[in-house]
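[1] Quick one, fold the following:
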Amino acid sequence: MNIHFIAIGGSAMHNLAIALHLKGYKVSGSDDTIHDPSKSRLEKYGLLPNEFGWFPEKISAELDVIILGMHAKKDNLELLKVQELGLKIYSYPEFLYEQSKNKTRVVIGGSHGKTTITSMILHVLNYHEKDVDYMVGAQLEGFETMVHLTEENDFIVLEGDEYLSSPIDMRPKFHLYKPNIALLSGIAWDHINVFPTFKNYIEQFSIFTDSMINGGMMVYNEEDEIVKEVVESSENHIKKYPYKSPKYFIENGITFLETSEGNLPLEIFGKHNLQNLAGAKWICQHMGIDEDDFYEAIANFSGASKRLEKIAESNSTVVFKDFAHSPSKVEATTKAVKEQYSDRIVLACLELHTYSSLNAEFLAEYKGALNAADIAVVFYSPHAVKIKQLEEVTAQQIANAFEREDLIIYTNPQEFKDFLFDQNLDKTAVVLMSSGNYGGLDFEEVKRLV
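    Modelled structure (predicted):
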């Protein structure tokens with residue numbers, strides 16, 4: 001099978017390209033720019049385009065499948081040629097469904113926690129040498145790629161993103177998977193450029209629940225009132241399995257999970273992560289892993305990449321990097337660090353980087369999100385606001401939104417870096433939250449602060 005990727009350089013797209021190459025398909029692709037790690041990983045497998053740009057001459061009737069990435073635009077020259085020739089176009093999720101139609105599809109959804117929960121499940125299955133197909137949104141220790149596809153595996157575990165499928169397919173990705181087994185972790189308004197009202201956003205999760213196959217199993221967080229309402233009000237003929245936060249305690253900086261077999265020390269921490277663990281346990285049990293085997297495996301799970309990832313530590317200082325950017329994630333991450341390091345100063349830094357977080361109307365959602373921190377800092381780039389063609393956001397608007405009088409706000413990357421590097425970090429826990437890099441902050445340099 002000949003497969004061509006339009007916008008092969010994306011995080012998800014390049015992993016799918018590698019997975020299909022390893023499966024034996026002939027893979028080609030184009031993109032106008034590709035950055036590391038995608039660039040070096042594509043190069044490793046001989047899949048990096050010879051030159052960047054869009055080349056209609058690459059498109060011919062000899063191609064069996066075109067996979068279209070979100071980075072491409074509707075007027076993309078290669079896409080226009082595909083449409084002219086009438087070739088079959090798949091979005092990323094559509095093709096994953098095609099590859100898994102005859103498998104048991106396990107889909108992990110929710111506004112937050114889905115990458116961590118999917119990672120936990122894959123970690124446990126890998127520990128017990130249970131081979132499954134998968135797609136996850138973070139690089140995991142012990143896994144070569146973020147996508148793995150075979151002919152023989154019975155299960156496929158998919159992280160179910162609610163964002164759009166492709167430039168010409170406005171359906172959320174997780175609407176296309178038709179799960180046999182699913183999980184919903186939580187619902188908190190996000191992607192406001194696509195879902196302008198919270199009601200419209202919630203509706204996507206109702207559609208997801210109703211898209212499950214007849215007799216499917218839905219695992220859901222009953223502590224999230226919106227999730228509870230969405231699942232329990234669904235008239236789809238599915239089995240419903242609620243979960244909630246397990247009992248735990250913290251001793252000498254280590255979180256212990258209370259289990260029927262005794263207290264289990266964990267490498268992860270934070271109520272939201274323990275909640276994620278409870279959901280992952282239910283899913284693993286539905287996949288044939290019993291409770292004791294789950295606990296044995298999860299004890300050494302250290303987290304997904306960029307999800308409360310410990311990047312540096314000494315006897316008196318610890319630094320975490322976290323992908324958190326939505327209000328609920330920021331609040332949960334900050335609380336988790338303060339709870340785990342209650343005897344230390346918590347310095348929480350947040351970069352407002354996404355379309356939603358830089359939207360003046362959405363800013364109010366951040367009220368109280370950094371309250372658990374002893375020192376709270378917000379960085380944003382006015383240049384990023386202009387690029388996203390949003391109305392200018394002022395420092396005063398940000399201060400008003402967070403409702404914290406001592407909030408420190410930076411708009412200049414160098415000034416933020418100077419502040420961070422001037423801090424006395426003795427007896428301090430630092431958490432750097434962003435889906436960006438604070439205007440060019442070198443995290444290798446940050447590690448040397450400790």
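[2] The longest strand along the chain pairs with which strands?
    When the chain is parsed with DSSP state E, its longest strand is strand 345-352. Strand 345-352 has the following sheet partners, assigned by DSSP bridges: strand 375-380 (parallel), strand 428-433 (parallel).
[3] model confidence over it, on average?
    For strand 345-352, the mean per-residue pLDDT is 95.
[4] And for stretch 179-195?
    The pLDDT scores in stretch 179-195 average 91.
[5] Likewise for stretch 216-229?
    98.
[6] same deal with stretch 203-210?
    97.
[7] what sits up against that stretch?
    Stretch 203-210 is contacted from outside by 107, 109, 160, 162, 172, 174-175, 182, 184, 187, 195, 218, 226-227, 230-231, 233-236, 238, using Cβ atoms under 8 Å, 6 or more residues apart in numbering. Glycine gets a C-beta too; all of them are placed from N, C-alpha and C.
[8] what about 7 Å?
    If you take Cβ atoms under 7 Å, 6 or more residues apart in numbering as the criterion, stretch 203-210 is touched by 109, 162, 172, 174-175, 184, 187, 195, 218, 230-231, 234, 236.
[9] cool, and stretch 240-249?
    Applying Cβ under 7 Å, 6+ apart, the external contacts of stretch 240-249 come out as 217-223, 231-232, 255-258, 271, 274-275, 277-279, 282.
[10] same thing but at 8 Å, please
    With contact meaning Cβ under 8 Å, 6+ apart, stretch 240-249 is reached by 217-223, 228, 231-232, 255-258, 263, 266, 271, 274-275, 277-279, 281-282.
[11] Same question for stretch 215-229.
    Applying Cβ under 8 Å, 6+ apart, the contact partners of stretch 215-229 are 110, 179-187, 202, 205, 209, 212, 231, 234, 236-245, 275, 279, 282-283, 286.
[12] ok, now with 6 Å
    Contacts of stretch 215-229 with the rest of the structure, by Cβ atoms under 6 Å, 6 or more residues apart in numbering, involve 180-187, 231, 238-242, 244, 279, 282-283, 286.
[13] State the helix or strand in which the residue nearest in space to the middle of the chain lies.
    Geometric centre of the chain, nearest residue: residue 115, 4.6 Å, by Cα atoms, centre = their mean. Taking DSSP states H and E as the criterion, residue 115 maps to helix 114-127.
[14] Now that helix: average pLDDT?
    According to the model, helix 114-127 has a mean pLDDT of 94.
[15] Against which helices or strands is it packed?
    Contacts defined by 3 or more Cβ pairs under 6 Å, 6 or more residues apart in numbering; DSSP states H and E place helix 114-127 against strand 104-109, strand 155-160, helix 271-286, helix 291-298.
[16] Can you give the domain ranges for the chain?
    Per the record, the chain has its domains at 2-87, 95-298, 309-447, by automatic domain parsing.
[17] rewinding a little: so the residue nearest to the centre of the chain touches residue 137, yeah?
    Yes - Residue 115 lies in contact with residue 137 (Cβ atoms under 6 Å); the separation is 4.5 Å.
[18] and for the two, which residues touch both?
    By Cβ under 6 Å, 6+ apart, the residues touching both residue 115 and residue 137 are residue 159.
[19] Past the worst-scoring helix or strand of the chain on mean pLDDT, which element shows up next along the chain?
    None of the helices or strands of the chain scores lower by mean pLDDT, DSSP states H and E than helix 382-387, at a mean of 71. Downstream of helix 382-387, the next assigned helix or strand under DSSP H and E is helix 395-402.
[20] buried set for that next one?
    Going by neighbour count (16 or more other Cβ atoms under 10 Å), the buried part of helix 395-402 is 398, 399, 401, 402.
[21] just stretch 98-106 next, same as before
    For stretch 98-106, the neighbour count (16+ other Cβ under 10 Å) marks 99, 100, 103, 104, 105, 106 as buried.
[22] Run through who's touching the longest strand of the chain.
    Residues from elsewhere that reach strand 345-352 (Cβ under 6 Å, 6+ apart): 330, 334, 337-338, 358, 370, 373-380, 428-434, 436, 438.
[23] what angle do that strand and helix 395-402 make?
    Here the directions of strand 345-352 and helix 395-402 differ by 120 degrees (axes from the mean of the first three to the mean of the last three Cα atoms, to 10 degrees).
[24] hey, C-alpha coordinates of strand 345-352 in CSV?
    Output in CSV follows, covering the C-alpha atoms of strand 345-352 (Å, rounded to 0.1, in the frame of the first residue of the first chain):
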residue,chain,number,x,y,z
ILE,A,345,8.1,27.3,48.9
VAL,A,346,6.2,26.5,45.8
LEU,A,347,7.2,28.7,42.8
ALA,A,348,4.6,28.2,40.1
CYS,A,349,5.3,29.7,36.6
LEU,A,350,2.6,29.6,33.9
GLU,A,351,2.9,30.6,30.3
LEU,A,352,-0.3,31.7,28.6
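[25] since we're on residue 418, how many residues are nearby?
    A count of nearby residues for residue 418, using other Cβ atoms under 10 Å, gives 11.
[26] Pull up the gap between it and residue 441, please.
    As defined by Cβ to Cβ, to the nearest Å, residue 418 lies at a distance of 11 Å from residue 441.
[27] that older thread, could you flag which of the contacts of strand 345-352 are buried?
    Among those, those classed as buried by 16+ other Cβ under 10 Å are 330, 334, 337-338, 358, 370, 373, 375-380, 428-434, 436, 438.
[28] Just say helix, strand or coil for residue 96.
    Classification of residue 96 using DSSP: H, G, I helix; E, B strand; the rest coil returns helix.
[29] burial count for it?
    With other Cβ under 10 Å as criterion, residue 96 counts 24.
[30] Now do the helices in the stretch 301-450 of the chain.
    327-340, 382-387, 395-402, 413-422, 443-447 (DSSP state H, counting those that start in this stretch).
[31] Out of those helices, which is closest to residue 144?
    Smallest distance to residue 144 across those (Cβ to Cβ): 23.4 Å, for helix 443-447.
[32] name the helices or strands packed onto the closest one?
    Packed against helix 443-447, as judged by 3+ Cβ pairs under 6 Å, 6+ apart, are no other helices or strands.
[33] Listing request: residues of this protein with sub-threshold pLDDT.
    Low-confidence segments of the chain (pLDDT under 70): 384-385, 387-390.
[34] Tell me the spacing between the closest residue to residue 37 other than its chain neighbours and residue 22.
    The shortest distance from residue 37 to any non-neighbouring residue, by Cβ to Cβ, 6 or more residues apart in numbering, is to residue 139 (7.8 Å). Noted for residue 139: a distance of 16 Å to residue 22, by Cβ to Cβ.
[35] and the angle from the longest strand of the chain to helix 327-340?
    Calculated by the same axes, to 10 degrees, strand 345-352 forms an angle of 170 degrees with helix 327-340.
[36] now the angle from strand 345-352 to helix 413-422?
    Compare the direction of strand 345-352 with that of helix 413-422 by the same axes, to 10 degrees and you get 170 degrees.
[37] Off-centre distance for strand 345-352?
    Chain-centre distance of strand 345-352: 20 Å, with Cα atoms, centre = their mean, to the nearest Å.
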